[in-house]
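1. sequence-free structure coming up:
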């Protein structure tokens, strides 16, 4: 009951233009992301790191990648970026 209400509340608030939905659902995403990636990629994921800093080519500044995932077995790194798609309803008058 609580979890359902919480998720509905987050979904309702995501309609607002400046609402930072991704920051609020991070706890759910980071909890399940390793198993989702393992299933999709069909390989073991050793580590998932949120907000991984990545150096920009043009300066010493960095930008953050949403999640960095690493498979020590496959010796492969994955950058995971999440995007929210907002759907707008257009009402005919």
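-> In hand now; what should we look at? This is a predicted model, so every value here is computed, not measured.

2. contacts and neighbour counts: CA atoms only from here.
-> Fine.

3. next helix or strand past the strand or helix carrying residue 35?
-> Per DSSP states H and E, residue 35 falls inside helix 21-41. As assigned by DSSP H and E, the chain's next helix or strand after helix 21-41 is strand 47-55.

4. Packing partners of that following strand?
-> Under the contact definition 3 or more C-alpha pairs under 8 Å, 6 or more residues apart in numbering; DSSP states H and E, strand 47-55 sits against helix 21-41, strand 62-71.

5. among those, which is nearest residue 82?
-> strand 62-71 (6.7 Å; C-alpha to C-alpha).

6. Let me see the mean pLDDT of that closest one.
-> The pLDDT scores in strand 62-71 average 93.

7. So what touches that strand?
-> Contact with strand 62-71 is made by 34, 43-56, 76-82, as judged by C-alpha atoms under 8 Å, 6 or more residues apart in numbering.
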